[in-house]
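Undergrad: Quick one, what's the 3D model for this:
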Amino acid sequence: MAGALVLIQETIVTSGVSAVTLTGISSSFNVYKVVFNNVVPDTDAQTLKLRVTTSGTPDSDSEYDDGLMIMKSSGAFSFTNGTNQDHIAFTTSGTATGEELNGVLHLFNFQNSSINSFATVEIASLNSSSALRSQTGGFMHTVAEANDGVSFFFDSGNIASGTFKLYGLVK
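TA: Residues are numbered from 1 along each chain as shown. I've put the predicted structure just below:
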């Protein structure tokens, strides 16, 4: 069936881990989809970050560029962008009841070693006062290399809980 999703890897976090790495990207699919939900840090007020993986290892070079629009139910819209970063930074979450991060990434050209890997980003989160914050935009890893996955981590502390899934989109 065209357009069907094939689950490649799923990680469910129920106790603290420093990072969640999803791998399995190959030439089997042109487009991959990452879905994460109910992601919570074990330390309050932490920013969720991402790196692509090369041969299963998170790539910490300073070759990440992004552009994201931040929309808040409790304030004005804003934009953030960066070049030559060593990771992609998403939104901040905390440990209060109801705070969590949810998101969808579409990954393009990850398996192609002659083109930069890039992705679209859609994230929604709630803070402790139930204010909604969302991010939309994209990022690029500006190295022409094959990437086989992504790795999520918080700027400090562990990932306390959450579900992370990597899908291949049938050609």
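Undergrad: From here on, just use CA atoms for contacts and neighbour counts.
TA: OK.
Undergrad: who touches Ile159 in this structure?
TA: Shown here is Ile159, whose contacts under the criterion Cα atoms under 8 Å, 6 or more residues apart in numbering are 13, 15-19, 39-42, 153.
Undergrad: The helix or strand of the chain with the lowest mean pLDDT: partners in the sheet, and parallel or antiparallel?
TA: Every helix and strand in the chain was compared by mean pLDDT, DSSP states H and E; the lowest is strand 88-93, with a mean of 92. With DSSP bridges as the criterion, the sheet partners recorded for strand 88-93 are strand 46-54 (antiparallel).
Undergrad: Alpha carbons of the strand it pairs with, as PDB, please.
TA: As requested, the backbone C-alpha atoms of strand 46-54 are provided in PDB (Å, rounded to 0.1, in the frame of the first residue of the first chain):
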ATOM      1  CA  GLN A  46      15.100  21.200  30.200                       C
ATOM      2  CA  THR A  47      15.400  21.600  26.500                       C
ATOM      3  CA  LEU A  48      14.900  18.600  24.200                       C
ATOM      4  CA  LYS A  49      17.800  18.300  21.700                       C
ATOM      5  CA  LEU A  50      18.600  16.100  18.700                       C
ATOM      6  CA  ARG A  51      21.600  14.900  16.800                       C
ATOM      7  CA  VAL A  52      21.600  12.700  13.700                       C
ATOM      8  CA  THR A  53      23.500   9.400  13.900                       C
ATOM      9  CA  THR A  54      26.200   8.100  11.600                       C
END
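Undergrad: what packs against the helix or strand following it?
TA: Under the assignment DSSP states H and E, the closest C-terminal helix or strand after strand 46-54 is strand 57-58. Secondary structure elements in contact with strand 57-58, counted by 3 or more Cα pairs under 8 Å, 6 or more residues apart in numbering; DSSP states H and E, are absent; no helix or strand qualifies.
Undergrad: what residues does strand 57-58 touch?
TA: Contacts made with strand 57-58 from outside it, assessed by Cα under 8 Å, 6+ apart, are listed as 51-52, 150-151.
Undergrad: Each with direction, which strands does that strand pair with?
TA: According to DSSP bridges, strand 57-58 has these partners: strand 46-54 (antiparallel).
Undergrad: List the buried residues of stretch 34-54.
TA: 34-43, 45-54 (16 or more other Cα atoms under 10 Å).
Undergrad: sorry, back to before: using JSON lines, please lay out the contacts of Ile159 together with pLDDT.
TA: Output for these, formatted as JSON lines (pLDDT from 0 to 100):
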{"residue": "Val13", "pLDDT": "98"}
{"residue": "Ser15", "pLDDT": "95"}
{"residue": "Gly16", "pLDDT": "96"}
{"residue": "Val17", "pLDDT": "98"}
{"residue": "Ser18", "pLDDT": "98"}
{"residue": "Ala19", "pLDDT": "98"}
{"residue": "Val39", "pLDDT": "97"}
{"residue": "Val40", "pLDDT": "96"}
{"residue": "Pro41", "pLDDT": "96"}
{"residue": "Asp42", "pLDDT": "95"}
{"residue": "Phe153", "pLDDT": "98"}
